[in-house]
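Colleague: quick one, structure for this:
(one chain, ligands or ions: 1)
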Amino acid sequence: MKIAILTLFPQMFESVFTASILGRARAQGLLDVETVDIRPFSDKKHKNTDDYPFGGGAGMVMTAQPIGDALRHVRSRGVAGPCVYLSPKGRPLTQDIVRELAGEESLVLLCGHYEGVDQRVIDLMVDREISLGDFVLTGGELAAMVLTDAVARYIPGVLGSGESAQEESFSEGLLEYPHYTRPRVYEGLEVPDVLLSGDHAKISAWRREQSLLMTARLRPDLLHNAELTEKERRFLGEMEQPRHAEPADPEQPPACE
Ligand code: 4GS
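Modeller: Numbers count the residues shown, from 1 in each chain. Below you'll find the predicted structure:
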């Protein structure tokens, strides 16, 4: 997979794309990421890439010309995939979107800075606007790194076989069960007995139950789309009963969990 990243700060990407799994994927030729510095494409004498907003107001806006020329440059070099603009106005990123983008042969990621890019860049060149979430970053670069990382996990060979199997627990729409390793006792806390039992059917059942309980407690919103059996839905329904039986006292602060 080829990912071209249009940015004013290409140096920000170096360590992330050199180390660990992404570094290995690039060394193996599975992932081809190229950062393209927008600034040299500016036709201004001092290579400016931003200007004051029409209509006034605080901050600067990235001008369309250098972005347009940088995009034409990557297109001319055969990067034909969708142009994704990372911005808080975009559709919130989910694993479904990551999987969809991983199906493209290439991507162009556009990183905004300051107040963002001239709206005409979005209207003319951007195919998808995607947000990492409802918070504000200093620039789109970290968002582009996160997206690249998440997409790269889907490229065959990027993950070891053990790592890719884990994917299934999230694609079923539940949070992962808790993990334990040695020692058996840490600071007085023991590893649950079932995990030491050697009974693999029992261990699987326990892990599934933990996933259900953790998802119900921490992210109940995920349960609507989760793939649950009828029995599992009843199990969670029973867990809910005490909350209805004991309505919260409005005078008291909410209990933790
Ligand atoms: C995000 C976000 C973001 C917005 C970039 C303000 C600089 C900044 N990008 N998901 N201008 N959230 N971008 O906060 O993607």
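Colleague: any residue of the biggest strand by length in the chain touching the ligand?
Modeller: Counting by DSSP state E, the longest strand found in the chain is strand 83-92. Yes: residues of strand 83-92 contacting the ligand under C-beta under 6 Å from any ligand atom: 86-88. For every residue, glycine as well, the C-beta is placed using N, CA and C.
Colleague: ok, F13 touching M145?
Modeller: Yes: counting by C-beta atoms under 8 Å, F13 does reach M145; the two are 6.5 Å apart.
Colleague: what's near enough to touch whatever residue of the stretch 151-257 of the chain ends up closest to the ligand?
Modeller: Of all residues in the stretch 151-257 of the chain, the one sitting closest to the ligand is V151 (14.5 Å; C-beta to the nearest ligand atom). By C-beta atoms under 8 Å, 6 or more residues apart in numbering, V151 lies in contact with 1, 3, 98, 101-102, 107.
Colleague: swap in 6 Å and give it another go.
Modeller: Contact partners of V151, counting by C-beta atoms under 6 Å, 6 or more residues apart in numbering, are 98, 101-102.
Colleague: for the stretch 151-257 of the chain, just list every one of the helices.
Modeller: Ranges of helices within the stretch 151-257 of the chain are 161-171, 200-218, 230-245, based on DSSP state H, counting those that start in this stretch.
Colleague: mean confidence for the longest one?
Modeller: For helix 200-218, the mean per-residue pLDDT is 97.
Colleague: identify each buried residue in that helix, please.
Modeller: Burial within helix 200-218, assessed by neighbour count using 16 or more other C-beta atoms under 10 Å, is assigned to 203, 206-208, 210-213, 215-216.
Colleague: just the closest of the residues you listed to I67, please.
Modeller: T215 (41.0 Å; C-beta to C-beta).
Colleague: thought that closest one was touching L175?
Modeller: Yes: T215 is within contact range of L175, at 4.6 Å (criterion: C-beta atoms under 6 Å).
Colleague: pull the CA atoms of stretch 97-116 into CSV?
Modeller: Taking C-alpha atoms only, stretch 97-116 is exported to CSV below (Å, rounded to 0.1, in the frame of the first residue of the first chain):
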residue,chain,number,x,y,z
ILE,A,97,-13.5,3.2,8.2
VAL,A,98,-9.9,2.0,8.8
ARG,A,99,-10.8,-1.3,7.1
GLU,A,100,-12.4,0.5,4.2
LEU,A,101,-9.3,2.7,3.6
ALA,A,102,-7.0,-0.3,3.9
GLY,A,103,-8.8,-1.7,0.9
GLU,A,104,-7.5,1.2,-1.3
GLU,A,105,-4.4,0.7,-3.3
SER,A,106,-3.1,4.2,-2.2
LEU,A,107,-4.1,7.1,0.0
VAL,A,108,-3.3,10.8,0.1
LEU,A,109,-3.4,12.3,3.6
LEU,A,110,-3.6,16.1,3.9
CYS,A,111,-2.5,17.6,7.2
GLY,A,112,-3.9,21.0,8.2
HIS,A,113,-2.4,23.6,10.4
TYR,A,114,-3.5,26.9,12.0
GLU,A,115,-7.2,27.4,11.4
GLY,A,116,-7.2,24.8,8.7
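Colleague: what about it and the ligand, touching?
Modeller: Yes: using C-beta under 6 Å from any ligand atom, we find that stretch 97-116 touches the ligand at 112-113, 116.
Colleague: who does the spatially closest residue to I122 that is not a sequence neighbour bridge with?
Modeller: Leaving out its chain neighbours, the residue that sits closest to I122 by C-beta to C-beta, 6 or more residues apart in numbering is Y85, at 6.2 Å. Per DSSP bridges, the residues bridged to Y85 are L110, E129.
Colleague: no further queries at this time; thank you.
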